[in-house]
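A.B. asks: What shape does this take:
(one chain, ligands or ions: 1)
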Amino acid sequence: MNIVIWLTLVLILARLAAELWLAAFNCRHVLAHAGEIPPVFRGLIDEPTYKKSIAYTLAKGRFGNIEDTYNTAVLLIVLFSGVLPWVFHLFSDGLGQSAWTMAVFLFAVGFAMSLLGWPFDWYAQFQLEQKFGFNTTTPGIWWLDRLKGLLLAMVIGYPLLVLILKIVQWTGAGWWLWAWAALLAFQLLMSVLAPVLILPLFNKFTPLPEGSLRERLLALAQRTRFRTQSVQLMDGSKRSRHSNAFFTGFGRFRKIVLFDTLVQQLTEPELEAVLAHEIGHYKKKHIPQMLSFSAITSLIGFYLISLLARQEWFYRAFGFEPGNVAPALLLFGLLAGTVTFWFSPLIHWWLRRYEYQADAFAARVMNGAQSLIGALRKLNEKNLSNLTPHPLYSGFYYSHPTLLEREEALAGKM
Ligand SMILES: [Zn+2]
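C.D. replies: Modelled structure (predicted):
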């Protein structure tokens, strides 16, 4: 067998093995603590909720294992059954190899791949989340979300694909730099347009009504010199009982958004602490740092694609004829995850540093950590978070430190 195929197989199967192994490790660790509430959490969570959080963690673990195995099987079949070159010929023989046609090819394969994941999305929403009392989505909303997603991909994603393929034709060997610049410009444009044009397609946003909460939050924004246009309430309860907060937009278009579910669950000082944490992310410049990181990653990505697109062996290994960049783009898109997976501990470690910094900022502007800790405890409880993940598991996957880690870091700031 061809060395490229061997290497691909090893990468794909190694990722699955690591996923299953980490999940098994985590499951055993959770079960070891399942008998009774660990002493540090006593008085913080009641027995039935603790038991429920364990059951939820284990159910998600089992579901994750099936999903990971299924995704791996799908990837192997798609890569090695010859279906991709067959579809490629279907398009190029019938319609030629223009940027417009090749973009249809990429779009069709991408859509088919996402279609194969729909049964799992459906099960997660209407069985798993339903069973633990989180689901509020109706089948009607679920289907409508998918339809809107598809239409948005056609209106926004397809033209972007055409543009990138056109850039390859226009600019020659250095195309990767131009394509990267185009993607970057596109992302900047979207970060301005998405809050205004796209988010309202999925959720309703209303200004937080006049009153003590609004005054409190705006006073915090003023105290921390965080310019904001308004505080908005989002109907997150339309889909789920999970809760969240975030802000969108730049400069004077910036808006603070609170899920209605969050406002129902937390007290006013706790909501203020959550917002202080979000402002902390902003003040510590985490957002431009993350954008720069993703810009560097996509630059490396485009460069690698441009290298691969010149290798005949790469095309032949997967049954394609060299000459068109579209198969290289597609194969890279399908395989990049098998490599980036191994960087996730490093990336998550970096993101957890951001959380500690934002927590520290919140404790400082709130003159103490009590209300933030109160909010974190409630959010962990309401969302049935796993209180006892295996350190290897949380180290690998968690973008936020665990409740215990955050409380320990805040302990000095009470
Ligand atoms: Zn955060």
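
A.B. asks: SS state for Val231?
C.D. replies: Of the three states, Val231 takes strand under DSSP: H, G, I helix; E, B strand; the rest coil.

A.B. asks: what do you get for Ile256?
C.D. replies: strand.

A.B. asks: And for it, the neighbour number?
C.D. replies: Look at Ile256: counted by other C-beta atoms under 10 Å, it has 24 neighbours. To be clear about C-beta, it is placed using only N, CA and C from the backbone, and glycine gets the same treatment.

A.B. asks: in the lowest-mean-pLDDT helix or strand in the chain, what counts as buried?
C.D. replies: Counting by mean pLDDT, DSSP states H and E, the weakest-scoring helix or strand in the chain turns out to be strand 245-248, with a mean of 81. By 16 or more other C-beta atoms under 10 Å, the buried positions in strand 245-248 come out as 245, 247-248.

A.B. asks: With stretch 356-364 instead?
C.D. replies: Buried positions in stretch 356-364, judged by neighbour count with 16+ other C-beta under 10 Å: 356-363.

A.B. asks: which residues in the stretch 51-200 of the chain form helices?
C.D. replies: In the stretch 51-200 of the chain, the segments counted as helices under DSSP state H, counting those that start in this stretch are 83-95, 99-123, 129-131, 139-152, 158-171, 175-193, 199-202.

A.B. asks: mind exporting the fifth one as PDB, just the C-alpha atoms?
C.D. replies: Output in PDB follows, covering the C-alpha atoms of helix 158-171 (Å, rounded to 0.1, in the frame of the first residue of the first chain):
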ATOM      1  CA  TYR A 158     -20.300  29.700  -2.000                       C
ATOM      2  CA  PRO A 159     -19.200  33.100  -3.300                       C
ATOM      3  CA  LEU A 160     -16.200  32.900  -1.000                       C
ATOM      4  CA  LEU A 161     -15.200  29.600  -2.400                       C
ATOM      5  CA  VAL A 162     -15.600  31.000  -6.000                       C
ATOM      6  CA  LEU A 163     -13.400  34.000  -5.000                       C
ATOM      7  CA  ILE A 164     -10.600  31.800  -3.600                       C
ATOM      8  CA  LEU A 165     -10.600  29.500  -6.700                       C
ATOM      9  CA  LYS A 166     -10.600  32.600  -9.000                       C
ATOM     10  CA  ILE A 167      -7.600  34.000  -7.000                       C
ATOM     11  CA  VAL A 168      -5.700  30.800  -7.700                       C
ATOM     12  CA  GLN A 169      -6.300  31.300 -11.400                       C
ATOM     13  CA  TRP A 170      -5.500  35.000 -11.300                       C
ATOM     14  CA  THR A 171      -2.400  35.100  -9.200                       C
END
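
A.B. asks: thought Arg241 was touching Phe259?
C.D. replies: No. In this structure Arg241 lies outside contact range of Phe259 using C-beta atoms under 8 Å: 9.7 Å.

A.B. asks: Those two - which one has more neighbours?
C.D. replies: Phe259 (21 against 18).

A.B. asks: Leaving out chain neighbours, which residue sits closest to that one?
C.D. replies: Gly236 (3.5 Å; C-beta to C-beta, 6 or more residues apart in numbering).
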